[in-house]
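A.B. asks: here is a sequence with its predicted model. Questions after.
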Amino acid sequence: PIVLFAITVIYHIICKDNTFSLFYDWLRHFCTLQYVIQMTIHLANQYKIIIFAVNLGMLYTVKTEYDIMNVTLENYRTLNFDTIDIKEEWNMPAEREHRMHSIHAYPAKFPAFITTKAIQKAEEKNISVDLVADIFCGCGTVAFETVKNGKSFWGCDINPVATLIAKTKSLSYNDGLLGDYYDNIISCYNESSINEDDEIYKNERVRYWFDDEHINDLLKLKTAIYEKVDNEIYRNFFLCAFSNILKSCSRWLTKSIKPQIDPDKQPKSVLASFNSQIRMMRNANLDEITKKQGSAEINCTNFLDVNIETPFVDLVVTSPPYVTSYEYADLHQLSTLWLGYTDDFRTLREGTIGSLYHAENFDENIKILNETALDIVYKMYSTDKRKTRSVAQYYIDMQGSIHKVYKMLKSNGGCLFVIGNTEYKGVKIDNAKHLTECLLKEGFVDVEVDRRKISNKILTPYRDANGKFASVKCSSRKIYSEEFVIFARKE
């Protein structure tokens, strides 16, 4: 550290610049070797110089165009990921996303532009990309962008609502045929009568969210879709539209990320909402009819249950669920109930990553957690034992997922993960470092970690008990306004 400090002071004197305040910061943190190295790297990047330094017995070479943070088994434990520079290329671009990405509401959507950048990055590293996979494909953002780029896509998600949206987005439709089907649906809706013996009337959760008039109208509309659309691909298009109007036609609090009743809400008309939704989806489809080239295979299953016999993927692009995120099964309960995926939406929680429903072997799980996960679990245990079990299971599931990603990738294949950290009752949940350790210990090489802003808006890093943004720290939980882009390659 003394040698490094002396070199930079001499350089400052020679250059006669006005950045001497930087060295006072260094003095304050002089005892932290890693901090000195990172600040030296930062200065080297600014002044375009080359510095050779020894950090913890390792030789660091800082190149003139330093733009990546290489992470190894030797340095990941001491590296503070929050000090990694934000890389502008991973931030949200100025142009708007395609309208197909907005055909259905979905929480925490994957940034669409990252898929194209991930493909470009892989190809720059001489990875031939023909098939892209997303193991947590959600509503199909990566699927849509992959197909648009002329590549094949394979994806899976345990949420049937998510895979319905993903399948709908990743296809193109004949607009004339859509119009014919739509006219037949509306005609059937207007002529049909109510079937009071339908099981939907017996479901308590449906009655909790909807009044009788809206239940009647929704049932007539759903019945008309099934009766008049015999083509499964086109039926999914209309069911996706049906799914997206459910919240606006219910008592669900508008724009809430938690399931809660709005006692003052006036639910919207079913038919008017459906008309507007179909019009929007048809317009979005028209923009893409001549552009899409690739094909997509999307499966409703848990990735951990997928049997991988031989490698078949060139590039994985995905964003794992956050360890402390809300249950997606709860957020999509209206759709799962109305579309008949389950009579009790809570059953869909059972196979999700980190679910307590399969976290029975806590003592055994502890033995196979990696070092980063163990640190976090031990810190949490005295605070919330029940949540600690879920966090431990999440990390076990993620370690298993990375193992399967390695198996599914061809030789020289790549993977790109977008993941963020969070905080729970004062304990930092370092998902990025855990994922990086998983990749390194699985045998991936050329591991690079970048940081990006989650949004181009200025957001407070706190949320209240209802999940809404809060302006004060007290009684709020901290979230993070940045997340990490982690790239790795299989040899």
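C.D. replies: Sure thing, it's come through.

A.B. asks: contacts and neighbour counts: CA atoms only from here.
C.D. replies: Fine.

A.B. asks: any idea which residue is closest to the centre of the protein?
C.D. replies: S319 (3.7 Å; Cα atoms, centre = their mean).

A.B. asks: and the strands in the stretch 151-300 of the chain?
C.D. replies: Secondary structure of the stretch 151-300 of the chain (DSSP state E, counting those that start in this stretch): strands at 152-157, 296-300.

A.B. asks: so which elements touch the longest helix along the chain?
C.D. replies: Identified as the longest helix of the chain according to DSSP state H is helix 385-408. If you count contacts as 3 or more Cα pairs under 8 Å, 6 or more residues apart in numbering; DSSP states H and E, helix 385-408 packs onto helix 362-368, helix 371-381, helix 431-442.

A.B. asks: just checking, the residue nearest to the centre of the chain touches A112?
C.D. replies: No. In terms of Cα atoms under 8 Å, S319 does not count as a neighbour of A112; the distance is 11.7 Å.

A.B. asks: just checking, V418 is part of a strand?
C.D. replies: Yes. V418: assigned to a strand according to DSSP: H, G, I helix; E, B strand; the rest coil.

A.B. asks: which residues does it bridge with?
C.D. replies: Note on V418: beta-bridge partners by DSSP bridges are V485.

A.B. asks: what's the spacing between N203 and V447?
C.D. replies: 50 Å (Cα to Cα, to the nearest Å).

A.B. asks: wait, K268
C.D. replies: Note on K268: its distance to V447, by Cα to Cα, is 50 Å.

A.B. asks: ok, these two, which is more surrounded?
C.D. replies: Neighbour totals were compared for K268 and V447, and V447 leads with 23 against 16 (other Cα atoms under 10 Å).

A.B. asks: am I right that that one is in a helix?
C.D. replies: No. According to three-state DSSP, V447 belongs to no helix; its state is strand.

A.B. asks: out of the strands of the stretch 151-300 of the chain, flag the one nearest N126.
C.D. replies: Smallest distance to N126 across the strands of the stretch 151-300 of the chain (Cα to Cα): 18.2 Å, for strand 152-157.

A.B. asks: and F81, how many neighbours?
C.D. replies: Around F81 there are 18 residues (other Cα under 10 Å).

A.B. asks: and it, backbone torsions?
C.D. replies: In terms of degrees, to the nearest 10, the main-chain angles of F81 are phi -60, psi -30.

A.B. asks: and it, what is it in contact with?
C.D. replies: A432, K433 (Cα atoms under 8 Å, 6 or more residues apart in numbering).

A.B. asks: burial of I298, as a residue count?
C.D. replies: 21.

A.B. asks: ok, now K202?
C.D. replies: K202: 11 neighbours (other Cα under 10 Å).

A.B. asks: ok, now M281?
C.D. replies: 20.

A.B. asks: going forward, begin numbering at 56 instead of 1
C.D. replies: Okay, using 56 as the starting number, the last item reads as M336.

A.B. asks: what residue ranges in the stretch 256-405 of the chain score low on pLDDT?
C.D. replies: Scanning the stretch 256-405 of the chain for pLDDT under 70 picks out the ranges 343-347, 379-384, 399-405.

A.B. asks: if we can go back for a sec, in the longest helix of the chain, what counts as buried?
C.D. replies: 442-454, 456-463 (16 or more other Cα atoms under 10 Å).

A.B. asks: ditto for stretch 140-156
C.D. replies: Buried, per 16+ other Cα under 10 Å, within stretch 140-156: I141, K142, W145, N146, M147, M155, H156.

A.B. asks: what's the spacing between that stretch and its chain's center?
C.D. replies: Put simply, stretch 140-156 sits 14 Å off its chain's centre (Cα atoms, centre = their mean, to the nearest Å).

A.B. asks: what distance separates the start and the end of it?
C.D. replies: OK, stretch 140-156 end separation, Cα to Cα: 29 Å.

A.B. asks: isn't K283 right up against N239?
C.D. replies: Yes. Using Cα under 8 Å, K283 makes contact with N239 at a distance of 6.2 Å.

A.B. asks: what's the most buried one of the helices and strands packed on helix 440-463?
C.D. replies: Among the helices and strands packed on helix 440-463, judged by mean count of other Cα atoms under 10 Å, the one packed with the most neighbours on average is helix 486-497 (a mean of 22).

A.B. asks: what packs against it?
C.D. replies: helix 426-436, helix 440-463, strand 500-508, strand 537-544.

A.B. asks: what's the closest of these to Y396?
C.D. replies: Nearest to Y396 among the helices and strands packed on helix 486-497 is helix 440-463 (24.1 Å), distances taken as Cα to Cα.

A.B. asks: and that closest one with helix 426-436, angle?
C.D. replies: Going by axes from the mean of the first three to the mean of the last three Cα atoms, to 10 degrees, helix 440-463 is angled at 170 degrees with respect to helix 426-436.

A.B. asks: dump the helices and strands packed on helix 440-463 into CSV; add mean pLDDT and distance to W307 as well.
C.D. replies: Formatted as CSV, these follow (pLDDT from 0 to 100; distance: least, Cα to Cα, whole Å):
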stretch, mean pLDDT, distance to W307
helix 417-423, 80, 36
helix 426-436, 93, 33
helix 486-497, 96, 31
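
A.B. asks: dump these to CSV, plus distance to T201.
C.D. replies: As requested, the helices and strands packed on helix 440-463 are exported to CSV (distance: least, Cα to Cα, whole Å):
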stretch, distance to T201
helix 417-423, 35
helix 426-436, 32
helix 486-497, 24
